[in-house]
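Asks: The following block contains a protein sequence and its predicted model.
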Amino acid sequence: MTYIYHIHGMTCNGCRSHVEETLLKVQGVSKATVNLEKSEAIIEMEQHIPLETFQKALKDEGDRYSIHNQGEHHHQSKVEADNTPKGIGTGTFYCPMHCEGDKTYDKPGDCPVCGMDLVEEQCFSNTESEQWTCPMHPEIVKDEAGSCPICGMDLVPKKPDLSAEEKNYKKLLRKLWIAVAFTLPVFLIAMSEMLNNNPLYDILEQEYWNWIQLGLSIPVVFYATWMFFERAYRSIKTWNLNMFTLIGIGAGVAWIFSVFGLLFPDFFPAQFKTETGTVHVYFEAATVILTLVLLGQVLEARAHSKTNAAVKELLKLAPNKAIKVVDGDEVEVSIDAIEVGDVLKVKPGDKIPVDGVITEGDSSIDESMITGEPIPVNKAEGDHVSSGTINGNQMFLMKAEKIGSDTLLSQIIKLVNDASRSRAPIQRLADRISSYFVPIVVLISVITFIVWAIFGPDPAYVFALVNAIAVLIIACPCALGLATPMSVMVGVGKGAQHGVLIKNAEALEKMNQVTTLIIDKTGTITEGKPTVEKVGAFRYGFDDKQVLDYIVSINSHSEHPLADATVKYGKSNGADILKASNFSAVTGKGVKADIQNSKVALGNPKMMDEAQAKITSEMEEVVKSYQQKGKTVSYLAVDGSVVGYVVIGDQIKETSSKAIKELQDSGVDVVMLTGDNKETAQAVASELQLASFKAGMLPEDKLKEVERLQKEGKVVAMAGDGINDAPALAKSDVGIAMGTGTDVAIESAMITLVKGDLHGIVKARHLSEAVMSNIKQNLFFALIYNTVGVPVAAGILFPFFGILLSPMIAALAMSFSSVSVIANALRLRNIKI
């Protein structure tokens, strides 16, 4: 029997796999397939299973998803949606350890798998404009300064709401101070037992002081740190065992044992009792452990806020206001009020409000915050400018082309957010270890108790209990889980600040392993700004002017950069644009059309073959003389005869030679693949000292070359900027798109270089090396810490040196292990790439 149901609540592949696994566990289900895009589940069962059974299964797994008959979709009520707690970020939250892949949540809380506090994603689209309010009537909110309509008082700027992470930090900090206030006296009372002639016993007997410790521990356990026990319970219930499972069991056992000892002292043997007959209590151990863990959470919360500092810095680039020109008048408007097509005035020193094109004036623009290059770029009429960049010392007018989430700045922030949530392949090692970690630690704790109870010195049971608790407390699976994502998050942000946009963590890892780099010529090695240098005629009866007319007429229908260059040249030289019909572009060859009842073709020799137009040896000699200088030459054929040619030059970027040499020196083989002819390719390769190149490459040829190199065992990166590069970019191990290129190329790539030059590849490689080194340091520390810490806590040093580890010291070590991993990841903010 096969049924199709609607699934509500899935946001990513992590959700999809989680729902699929849950449904498969239901007794009687033989197969379950969940489709994320359609939000549906196809379930095969031996006999009919009631829908309620599936609903209960999903509810027991955390109640984050729901299943319904098709057509009975679950809709969140508007009131419920409006009440969703949100900060000044996106209102989208994710687990810093990425326990369920790229799964996100719509409200703050803790991860259902690892128990860690969820982190809010930062987003440009939620950057709020400045608002004004009345100090006497806070319900009055306006977008501009003025007076209150009720009392007449001047409005004051409204303070922005705190972000979710700031609210969480303040809440944890408040709880920490409460925990410290109650834990400190408990600790002092307990430690006073070590004094001879304890002065506290002159005031009250030890039994009463034990009751006072119980009273003081209650606010710590049941308020300040109660969330740890909730997480521990949830982890055991769902069997997603984590750090809080160990803390909950360890601190819980110490506290419950102490309460039981107070209520039923006669139940315990003499080993557990003091000289006065009271049972040894461990309220100080429980409260100190919980308070130190809470301290670790506070430090982590503060450190987490620094890991996405790069995104926050990018968010600050977006201005709140802009000057809009309406019928010659200047009006100050909110960024949200700008529409595509609006004319905006940008004054010297102002931030550019949205993406657009300069319509009047010129200036130098500081683009360092996006490209990472410190030298301002000169921009004139017709040039594009980007949101968040800073105008120099000249005023200009611009037309808005991209606004809101479509701007380059917003796209960069989205890319950084998405990449920060992605998982690097190296994290699978940590995931495999973590899956066995907690059960093994619990087993070691039980073995520790048994060994100490049997072989330990008197009081053996006391030693056994204390050491078993220390084992549970010192183990830290979170340090292992945070090792990779923290480095990835900081590294991706660092890359964005230098114009290197990483699409996912896998790209960071693979870039470090690349052995061969394939690069395109036009727009990658060269400027990608072709200019016409000469138009010539081959055949008697056709002069240069007629050849130019045909070239401009056919190319006016093409979107290729070379075509655009010829059209601009033709217009500036008085060419006549003739009517063309049946236009078509032949990928990797050229273009063809019908013009004035003639069959016209323009392109390389392959295009001439298709047009059945013969290229004579004399023609080849003329063309070769230009190609040997690195120029691109296209032939023009009319009615099957080659009649002329156009010579196009494209200057090599200043950074190309240096970048290629740096890559070669680091052991990377650099290969140039171009659709241009062999002579032009040879000239460019000689200038750049490239030993390997191939010319006349069609898109499918580039793809085959990538596949060939991969079969030889090489890790291949491909850098390109055009539609013709997209197949090879997608197939390569690491696709690198030039930010100056087409959207198709950028979509197919794993890394995008905003400035679009080869020096960005050097930066990407340096960044990859630094991030991978940092990840390995974190993993090494986390593994060594747990490998050494757990045996020491179990008492392995006691027979040799008489050293035992207090559970309180274990809690301190555990808290700082996670913080140290984050602190090491933060070092990436200071690297130079």
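Replies: It's in.
Asks: Skipping adjacent residues, who's closest to residue 798 in space?
Replies: Spatial nearest neighbour of residue 798, excluding adjacent residues (C-beta to C-beta, 6 or more residues apart in numbering): residue 804 at 5.7 Å. Where you see a C-beta, it was placed from the backbone N, CA and C, and this is true even at glycine.
Asks: quick one: secondary structure of the one you found?
Replies: Here residue 804 takes the coil state, with states given by DSSP: H, G, I helix; E, B strand; the rest coil.
Asks: Need the pLDDT of it.
Replies: Listed pLDDT for residue 804 reads 85.
Asks: contacting residues for residue 333?
Replies: Residues in contact with residue 333, defined by C-beta atoms under 8 Å, 6 or more residues apart in numbering, are 321-324.
Asks: where's it relative to residue 611, distance?
Replies: 54 Å (C-beta to C-beta, to the nearest Å).
Asks: need the contact list for the closest residue to residue 720 other than its chain neighbours.
Replies: Sequence neighbours aside, residue 520 is the residue nearest to residue 720 in space, at 4.1 Å (criterion: C-beta to C-beta, 6+ apart). The neighbourhood of residue 520, defined by C-beta under 8 Å, 6+ apart, consists of 672-674, 719-722, 725.
Asks: switch the cut-off to 10 Å
Replies: 526, 528, 672-676, 697, 702, 718-722, 724-725, 728-729, 738, 741, 745 (C-beta atoms under 10 Å, 6 or more residues apart in numbering).
Asks: Check residue 686 too.
Replies: Contacts of residue 686 (C-beta under 10 Å, 6+ apart): 628, 630, 693.
Asks: Quick check: next helix or strand after the helix or strand of the chain with the lowest mean pLDDT?
Replies: Ranked by mean pLDDT, DSSP states H and E, the weakest helix or strand in the chain is helix 78-82, scoring a mean of 34. Using DSSP states H and E, the next helix or strand after helix 78-82 towards the C-terminus is strand 93-94.
Asks: So what are the sheet partners of that next one and their directions?
Replies: strand 104-105 (antiparallel), strand 119-120 (antiparallel) (DSSP bridges).
Asks: Surely residue 447 is within a helix?
Replies: Yes: residue state for residue 447 (three-state DSSP) corresponds to a helix.
Asks: Tell me if I'm right that it and residue 794 touch.
Replies: Yes: Residue 447 lies in contact with residue 794 (C-beta atoms under 10 Å); the separation is 8.0 Å.
Asks: Now the phi/psi pair for residue 583, please.
Replies: Residue 583 adopts backbone torsions of phi -70, psi 140, taken as degrees, to the nearest 10.
Asks: Does it touch residue 590 like I think?
Replies: No: look at residue 583 against residue 590 with C-beta under 10 Å: they stay out of range, at 11.7 Å.
Asks: Is residue 411 in a helix, a strand, or coil?
Replies: Reduced to three states by three-state DSSP, residue 411 is helix.
Asks: what's the burial count for the closest residue to it other than its chain neighbours?
Replies: Distances taken as C-beta to C-beta, 6+ apart place residue 405 nearest to residue 411, at 7.7 Å, with adjacent residues excluded. Counted by other C-beta atoms under 10 Å, the residues lying close to residue 405 total 13.
Asks: Would you agree residue 405 is in contact with residue 413?
Replies: Yes: Residue 405 lies in contact with residue 413 (C-beta under 10 Å); the separation is 9.2 Å.
Asks: follow-up on the earlier one: most neighbours out of the contacts of residue 333, which is it?
Replies: residue 322 (23 neighbours).
Asks: gap between it and residue 30?
Replies: Separation of residue 322 from residue 30 (C-beta to C-beta) stands at 60 Å.
Asks: can you pull out the helices in the stretch 301-450 of the chain?
Replies: In the stretch 301-450 of the chain, the helices defined using DSSP state H, counting those that start in this stretch lie at 309-316, 368-371, 408-420, 427-455.
Asks: right, so of those helices, which gets closest to residue 110?
Replies: Residue 110 sits nearest to helix 427-455 of all the helices of the stretch 301-450 of the chain, at 16.4 Å, using C-beta to C-beta.
Asks: Show me which residues of the closest one are buried.
Replies: Buried residues in helix 427-455, counted by 16 or more other C-beta atoms under 10 Å: 427, 430, 433-434, 437-438, 441-442, 444-445, 448-449, 451-453.
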